[in-house]
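K.L.:
With the sequence up front, the predicted model follows.
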Amino acid sequence: MALSQPNLMVSDLVAHRIVNMPLAARKRFTGKVRVANYPFKIEALMSAAVKSVFARVKYEHWVPSSVKNDDVYSVFYEAIKAVAALLETGSPLNWPGVATTISTAISYLREMKKNEASKYMKALFGQQTIPYSDDWWAEVETSLRTELTLRLRGSIAQYNDKLANFIRTAAQKGFSYEQTVAGIKDISKDISDTRAAFLARDLTGTINSMASQKMHVSVFGINTYIWVTAADERVRGTPGGPYASAIPSHYVMERVLCRWDNPLVYSLDGGATWVPRRPDMPMAHAGYAWSCRCVPEAFLPGVVTATKARLEQKR
(Lines give C-alpha, C1' and ligand atoms only; values in the text may rest on other atoms or scores of the structure.)
Protein backbone atom coordinates (compact mmCIF):
# COMPACT_ATOMS: atom_id res chain seq x y z
CA MET A 1 0.00 0.00 0.00
CA ALA A 2 1.42 3.39 -0.96
CA LEU A 3 1.99 5.77 1.93
CA SER A 4 -0.11 8.91 1.89
CA GLN A 5 0.60 12.10 3.77
CA PRO A 6 -0.69 12.15 7.36
CA ASN A 7 -3.91 14.16 7.42
CA LEU A 8 -5.83 12.78 10.37
CA MET A 9 -3.27 13.09 13.12
CA VAL A 10 -4.01 13.93 16.74
CA SER A 11 -4.97 17.52 17.48
CA ASP A 12 -2.46 20.35 17.93
CA LEU A 13 -3.32 20.46 21.63
CA VAL A 14 -2.38 16.82 21.99
CA ALA A 15 0.73 17.44 19.88
CA HIS A 16 1.94 20.10 22.32
CA ARG A 17 1.33 17.68 25.19
CA ILE A 18 3.56 15.16 23.44
CA VAL A 19 6.56 17.41 22.87
CA ASN A 20 6.30 18.99 26.33
CA MET A 21 5.91 15.70 28.13
CA PRO A 22 8.19 15.38 31.19
CA LEU A 23 11.15 13.08 30.80
CA ALA A 24 9.76 10.73 33.46
CA ALA A 25 6.57 10.30 31.48
CA ARG A 26 8.53 9.44 28.37
CA LYS A 27 9.79 6.31 30.07
CA ARG A 28 6.60 4.77 28.77
CA PHE A 29 8.23 4.99 25.34
CA THR A 30 10.27 1.83 25.78
CA GLY A 31 8.77 -0.09 22.86
CA LYS A 32 8.54 -3.18 25.07
CA VAL A 33 4.81 -3.21 25.79
CA ARG A 34 3.07 -5.68 23.49
CA VAL A 35 0.10 -4.02 21.79
CA ALA A 36 -0.07 -5.53 18.30
CA ASN A 37 -0.93 -9.22 18.03
CA TYR A 38 -1.49 -11.64 15.18
CA PRO A 39 -5.24 -11.76 14.34
CA PHE A 40 -6.03 -15.47 14.59
CA LYS A 41 -9.79 -14.81 14.50
CA ILE A 42 -9.38 -13.03 11.16
CA GLU A 43 -7.29 -15.92 9.85
CA ALA A 44 -10.09 -18.34 10.74
CA LEU A 45 -12.64 -16.21 8.91
CA MET A 46 -10.34 -15.84 5.91
CA SER A 47 -9.79 -19.59 5.83
CA ALA A 48 -13.55 -20.22 5.72
CA ALA A 49 -13.95 -17.66 2.92
CA VAL A 50 -11.12 -19.08 0.79
CA LYS A 51 -12.45 -22.62 1.25
CA SER A 52 -15.84 -21.44 0.00
CA VAL A 53 -14.25 -19.87 -3.06
CA PHE A 54 -12.18 -22.95 -3.85
CA ALA A 55 -15.13 -25.30 -3.33
CA ARG A 56 -17.13 -23.44 -5.96
CA VAL A 57 -14.53 -23.88 -8.72
CA LYS A 58 -13.48 -27.47 -8.14
CA TYR A 59 -14.07 -29.58 -11.22
CA GLU A 60 -16.55 -31.89 -9.46
CA HIS A 61 -19.14 -29.11 -9.59
CA TRP A 62 -18.86 -28.75 -13.35
CA VAL A 63 -18.41 -32.29 -14.65
CA PRO A 64 -21.24 -34.87 -14.54
CA SER A 65 -20.34 -38.19 -12.93
CA SER A 66 -21.83 -40.01 -15.94
CA VAL A 67 -19.19 -38.75 -18.41
CA LYS A 68 -17.98 -41.47 -20.78
CA ASN A 69 -14.58 -41.86 -22.39
CA ASP A 70 -15.75 -40.58 -25.77
CA ASP A 71 -16.66 -37.08 -24.61
CA VAL A 72 -14.51 -36.66 -21.50
CA TYR A 73 -12.21 -34.03 -23.02
CA SER A 74 -14.96 -31.82 -24.42
CA VAL A 75 -16.84 -31.93 -21.11
CA PHE A 76 -13.74 -30.98 -19.14
CA TYR A 77 -13.00 -28.17 -21.58
CA GLU A 78 -16.51 -26.84 -21.01
CA ALA A 79 -15.93 -27.03 -17.24
CA ILE A 80 -12.73 -25.00 -17.57
CA LYS A 81 -14.57 -22.40 -19.66
CA ALA A 82 -17.30 -22.23 -17.04
CA VAL A 83 -14.83 -21.48 -14.26
CA ALA A 84 -13.13 -18.82 -16.40
CA ALA A 85 -16.52 -17.24 -17.10
CA LEU A 86 -17.31 -17.26 -13.39
CA LEU A 87 -14.20 -15.21 -12.71
CA GLU A 88 -15.39 -12.64 -15.22
CA THR A 89 -18.71 -12.13 -13.44
CA GLY A 90 -17.16 -10.22 -10.56
CA SER A 91 -14.91 -10.48 -7.52
CA PRO A 92 -14.90 -13.81 -5.66
CA LEU A 93 -15.44 -11.66 -2.54
CA ASN A 94 -19.03 -11.14 -3.70
CA TRP A 95 -19.85 -14.80 -4.28
CA PRO A 96 -22.58 -16.37 -2.13
CA GLY A 97 -21.19 -17.71 1.12
CA VAL A 98 -18.10 -15.53 0.81
CA ALA A 99 -19.25 -11.91 0.94
CA THR A 100 -20.59 -12.02 4.50
CA THR A 101 -17.53 -13.81 5.86
CA ILE A 102 -15.13 -11.35 4.21
CA SER A 103 -17.10 -8.36 5.48
CA THR A 104 -17.05 -9.81 9.00
CA ALA A 105 -13.28 -10.31 8.82
CA ILE A 106 -12.68 -6.76 7.59
CA SER A 107 -14.99 -5.29 10.26
CA TYR A 108 -13.15 -7.24 12.92
CA LEU A 109 -9.83 -5.97 11.60
CA ARG A 110 -11.11 -2.39 11.76
CA GLU A 111 -12.10 -2.80 15.41
CA MET A 112 -8.78 -4.44 16.13
CA LYS A 113 -6.86 -1.46 14.72
CA LYS A 114 -9.06 1.00 16.63
CA ASN A 115 -8.29 -0.90 19.84
CA GLU A 116 -4.58 -0.85 19.05
CA ALA A 117 -4.73 2.92 18.43
CA SER A 118 -6.46 3.40 21.80
CA LYS A 119 -3.77 1.39 23.55
CA TYR A 120 -1.08 3.49 21.87
CA MET A 121 -2.96 6.58 23.03
CA LYS A 122 -2.91 5.25 26.58
CA ALA A 123 0.82 4.59 26.36
CA LEU A 124 1.33 8.15 25.13
CA PHE A 125 -1.01 10.07 27.39
CA GLY A 126 -2.05 7.71 30.16
CA GLN A 127 -5.62 7.52 28.84
CA GLN A 128 -7.48 5.98 25.92
CA THR A 129 -10.03 8.75 25.39
CA ILE A 130 -7.98 11.08 23.16
CA PRO A 131 -10.30 11.81 20.21
CA TYR A 132 -9.12 10.97 16.72
CA SER A 133 -10.71 10.16 13.39
CA ASP A 134 -10.67 6.78 11.66
CA ASP A 135 -11.75 8.20 8.30
CA TRP A 136 -8.52 6.68 6.99
CA TRP A 137 -10.17 3.26 7.17
CA ALA A 138 -12.13 3.73 3.92
CA GLU A 139 -8.88 3.75 1.93
CA VAL A 140 -7.63 0.76 3.87
CA GLU A 141 -10.75 -1.31 3.19
CA THR A 142 -10.59 -0.54 -0.54
CA SER A 143 -6.95 -1.63 -0.64
CA LEU A 144 -7.66 -4.79 1.36
CA ARG A 145 -10.53 -5.86 -0.90
CA THR A 146 -8.39 -5.23 -3.97
CA GLU A 147 -5.53 -7.31 -2.53
CA LEU A 148 -7.84 -10.17 -1.56
CA THR A 149 -9.51 -10.17 -4.98
CA LEU A 150 -6.17 -10.27 -6.79
CA ARG A 151 -4.87 -13.13 -4.65
CA LEU A 152 -8.02 -15.26 -4.99
CA ARG A 153 -8.38 -14.66 -8.71
CA GLY A 154 -4.71 -15.45 -9.18
CA SER A 155 -5.01 -18.78 -7.37
CA ILE A 156 -8.13 -19.79 -9.33
CA ALA A 157 -6.67 -18.71 -12.67
CA GLN A 158 -3.49 -20.68 -11.99
CA TYR A 159 -5.55 -23.76 -11.11
CA ASN A 160 -7.65 -23.37 -14.25
CA ASP A 161 -4.58 -22.95 -16.46
CA LYS A 162 -3.04 -26.13 -15.04
CA LEU A 163 -6.29 -27.99 -15.77
CA ALA A 164 -6.39 -26.70 -19.35
CA ASN A 165 -2.77 -27.71 -20.01
CA PHE A 166 -3.34 -31.14 -18.52
CA ILE A 167 -6.51 -31.74 -20.56
CA ARG A 168 -4.64 -30.82 -23.76
CA THR A 169 -1.88 -33.27 -22.88
CA ALA A 170 -4.40 -35.97 -21.97
CA ALA A 171 -6.20 -35.52 -25.29
CA GLN A 172 -2.97 -35.60 -27.29
CA LYS A 173 -1.72 -38.73 -25.55
CA GLY A 174 -5.07 -40.48 -25.43
CA PHE A 175 -5.35 -40.82 -21.65
CA SER A 176 -8.22 -42.98 -20.44
CA TYR A 177 -11.08 -41.48 -18.43
CA GLU A 178 -9.60 -42.91 -15.22
CA GLN A 179 -6.16 -41.43 -15.99
CA THR A 180 -7.70 -38.06 -16.79
CA VAL A 181 -9.73 -37.93 -13.60
CA ALA A 182 -6.71 -39.00 -11.52
CA GLY A 183 -4.62 -36.22 -13.04
CA ILE A 184 -7.28 -33.61 -12.39
CA LYS A 185 -7.66 -34.72 -8.80
CA ASP A 186 -3.93 -34.31 -8.34
CA ILE A 187 -4.05 -30.76 -9.77
CA SER A 188 -7.01 -29.98 -7.52
CA LYS A 189 -4.70 -30.23 -4.52
CA ASP A 190 -3.85 -26.63 -5.44
CA ILE A 191 -7.26 -25.64 -4.12
CA SER A 192 -7.58 -28.12 -1.26
CA ASP A 193 -8.68 -27.12 2.24
CA THR A 194 -5.05 -27.32 3.33
CA ARG A 195 -4.04 -24.94 0.57
CA ALA A 196 -6.93 -22.64 1.48
CA ALA A 197 -5.79 -22.47 5.11
CA PHE A 198 -2.24 -21.74 3.97
CA LEU A 199 -3.40 -18.96 1.65
CA ALA A 200 -5.64 -17.53 4.38
CA ARG A 201 -2.67 -17.16 6.72
CA ASP A 202 -0.69 -15.43 4.00
CA LEU A 203 -3.56 -13.05 3.26
CA THR A 204 -4.14 -12.35 6.95
CA GLY A 205 -0.53 -11.36 7.62
CA THR A 206 -0.49 -9.05 4.62
CA ILE A 207 -3.77 -7.23 5.24
CA ASN A 208 -3.02 -6.87 8.96
CA SER A 209 0.29 -5.23 8.13
CA MET A 210 -1.31 -3.00 5.49
CA ALA A 211 -3.92 -1.80 8.00
CA SER A 212 -1.26 -1.17 10.67
CA GLN A 213 0.81 0.88 8.25
CA LYS A 214 -2.08 3.17 7.40
CA MET A 215 -3.05 3.57 11.06
CA HIS A 216 0.51 4.37 12.14
CA VAL A 217 0.92 6.98 9.41
CA SER A 218 -2.54 8.54 9.43
CA VAL A 219 -3.28 8.65 13.16
CA PHE A 220 0.18 9.16 14.65
CA GLY A 221 2.17 10.47 11.70
CA ILE A 222 5.01 8.00 12.27
CA ASN A 223 6.94 6.08 9.66
CA THR A 224 8.70 3.58 11.93
CA TYR A 225 7.60 0.34 13.55
CA ILE A 226 8.98 -2.45 15.69
CA TRP A 227 9.05 -5.93 14.14
CA VAL A 228 7.38 -8.38 16.55
CA THR A 229 7.45 -12.14 15.91
CA ALA A 230 5.03 -14.79 17.14
CA ALA A 231 7.79 -15.78 19.59
CA ASP A 232 7.31 -19.53 19.27
CA GLU A 233 9.33 -22.39 17.80
CA ARG A 234 7.65 -22.04 14.39
CA VAL A 235 9.16 -18.59 13.80
CA ARG A 236 11.60 -18.96 10.90
CA GLY A 237 15.19 -19.17 12.12
CA THR A 238 14.37 -19.98 15.76
CA PRO A 239 17.22 -22.12 17.18
CA GLY A 240 15.98 -25.64 17.82
CA GLY A 241 12.71 -25.01 15.98
CA PRO A 242 11.44 -26.88 12.90
CA TYR A 243 12.62 -24.03 10.65
CA ALA A 244 15.90 -23.27 12.43
CA SER A 245 17.89 -23.10 9.19
CA ALA A 246 15.41 -20.87 7.36
CA ILE A 247 16.87 -17.96 5.40
CA PRO A 248 15.71 -15.27 5.63
CA SER A 249 15.30 -15.56 9.38
CA HIS A 250 12.43 -13.79 11.13
CA TYR A 251 13.84 -14.74 14.52
CA VAL A 252 16.65 -12.19 14.10
CA MET A 253 14.06 -9.44 13.49
CA GLU A 254 12.44 -9.62 16.95
CA ARG A 255 12.15 -6.05 18.37
CA VAL A 256 14.14 -4.62 15.43
CA LEU A 257 13.19 -1.08 14.38
CA CYS A 258 12.03 -0.78 10.76
CA ARG A 259 10.77 1.90 8.36
CA TRP A 260 7.50 1.81 6.46
CA ASP A 261 9.01 3.68 3.52
CA ASN A 262 11.97 1.32 3.11
CA PRO A 263 11.79 -2.41 3.97
CA LEU A 264 15.46 -2.87 3.12
CA VAL A 265 16.93 -1.08 6.16
CA TYR A 266 16.82 -1.40 9.95
CA SER A 267 18.07 0.43 13.03
CA LEU A 268 19.50 -0.76 16.34
CA ASP A 269 19.86 2.70 17.91
CA GLY A 270 16.30 3.96 18.01
CA GLY A 271 16.34 5.33 14.48
CA ALA A 272 19.44 7.53 14.81
CA THR A 273 21.10 5.56 12.02
CA TRP A 274 19.75 3.17 9.41
CA VAL A 275 21.77 0.40 7.80
CA PRO A 276 21.02 -2.11 5.00
CA ARG A 277 19.47 -5.35 6.17
CA ARG A 278 21.79 -8.32 6.33
CA PRO A 279 21.43 -11.20 3.84
CA ASP A 280 19.83 -13.35 6.56
CA MET A 281 17.05 -10.80 7.11
CA PRO A 282 13.75 -10.60 5.17
CA MET A 283 13.58 -7.85 2.54
CA ALA A 284 9.92 -7.12 3.26
CA HIS A 285 7.70 -5.67 5.96
CA ALA A 286 6.53 -7.70 8.94
CA GLY A 287 3.61 -9.88 7.88
CA TYR A 288 4.29 -9.64 4.15
CA ALA A 289 6.36 -12.81 3.71
CA TRP A 290 4.53 -15.98 2.72
CA SER A 291 2.49 -17.30 5.69
CA CYS A 292 4.17 -14.83 8.07
CA ARG A 293 2.65 -14.30 11.52
CA CYS A 294 4.88 -11.39 12.47
CA VAL A 295 3.23 -8.04 13.21
CA PRO A 296 4.32 -4.38 13.12
CA GLU A 297 4.03 -2.44 16.37
CA ALA A 298 4.08 1.36 16.35
CA PHE A 299 7.39 2.84 17.52
CA LEU A 300 6.02 5.38 19.96
CA PRO A 301 9.21 7.44 20.37
CA GLY A 302 8.74 8.23 16.69
CA VAL A 303 5.54 10.07 17.61
CA VAL A 304 7.58 12.70 19.46
CA THR A 305 9.91 13.23 16.50
CA ALA A 306 7.09 13.36 13.96
CA THR A 307 5.03 15.72 16.12
CA LYS A 308 7.91 18.12 16.66
CA ALA A 309 8.48 18.27 12.92
CA ARG A 310 4.82 18.97 12.27
CA LEU A 311 4.66 21.77 14.83
CA GLU A 312 7.83 23.31 13.39
CA GLN A 313 6.19 23.45 9.96
CA LYS A 314 3.21 25.33 11.41
CA ARG A 315 5.37 28.12 12.81
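P.N.:
That came through fine.

K.L.:
Please make it C-alpha for all contacts and neighbour counts, starting now.
P.N.:
Will do.

K.L.:
What sits closest to the spatially most central residue of the chain if chain neighbours are left out?
P.N.:
Central residue of the chain (Cα atoms, centre = their mean): Thr206, 1.4 Å from the mean position. Spatial nearest neighbour of Thr206, excluding adjacent residues (Cα to Cα, 6 or more residues apart in numbering): Tyr288 at 4.8 Å.

K.L.:
For the one you found, give me its contacts.
P.N.:
Asp202, Gly205, Thr206, Ser209 (Cα atoms under 8 Å, 6 or more residues apart in numbering).

K.L.:
Against which helices or strands is the helix or strand hosting Glu139 packed?
P.N.:
Here Glu139 sits within helix 137-173, counting by DSSP states H and E. In terms of contacts (3 or more Cα pairs under 8 Å, 6 or more residues apart in numbering; DSSP states H and E), helix 137-173 is packed against helix 40-57, helix 72-88, helix 177-187, helix 193-215.

K.L.:
re earlier: can you list the contacts of Tyr288 in a markdown table and add distance to Glu233?
P.N.:
Output for the contacts of Tyr288, formatted as a markdown table (distance: Cα to Cα, whole Å):
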| residue | distance to Glu233 |
| --- | --- |
| Asp202 | 18 |
| Gly205 | 18 |
| Thr206 | 21 |
| Ser209 | 22 |
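
K.L.:
PyMOL command for the buried members of those?
P.N.:
Of the contacts of Tyr288, the buried ones can be selected in PyMOL as follows, counting by 16 or more other Cα atoms under 10 Å:
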select buried, resi 202+205+206+209
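
K.L.:
As JSON lines, the contacts of Tyr288 with distance to Gly154 and pLDDT would be great.
P.N.:
Output for these, formatted as JSON lines (distance: Cα to Cα, whole Å; pLDDT from 0 to 100):
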{"residue": "Asp202", "distance to Gly154": "14", "pLDDT": "89"}
{"residue": "Gly205", "distance to Gly154": "18", "pLDDT": "92"}
{"residue": "Thr206", "distance to Gly154": "16", "pLDDT": "91"}
{"residue": "Ser209", "distance to Gly154": "21", "pLDDT": "94"}
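
K.L.:
How far does stretch 241-250 stretch from one end to the other?
P.N.:
The first and final residues of stretch 241-250 sit 12 Å from each other (Cα to Cα, to the nearest Å).

K.L.:
So that it lines up with my notes, have the first residue be 309 from now on.
P.N.:
Shifting the count to begin at 309 puts that one at stretch 549-558.

K.L.:
Let me see the residues that make contact with that stretch.
P.N.:
Residues outside stretch 549-558 that contact it (Cα under 8 Å, 6+ apart): Thr537, Glu541, Arg542, Val543, Arg544, Gly545, Thr546, Pro587, Asp588, Met589, Pro590.

K.L.:
how about these, which pair is most distant?
P.N.:
Pairwise distances across the contacts of stretch 549-558 (Cα to Cα) peak at 21.6 Å, for the pair Glu541 and Pro587.

K.L.:
Have a look at these two and say which one is more surrounded.
P.N.:
Neighbours were tallied for Glu541 and for Pro587 using other Cα atoms under 10 Å; the higher tally belongs to Glu541 (15 against 10).

K.L.:
SS state for that one?
P.N.:
Assigned by DSSP: H, G, I helix; E, B strand; the rest coil, the conformation of Glu541 is coil.
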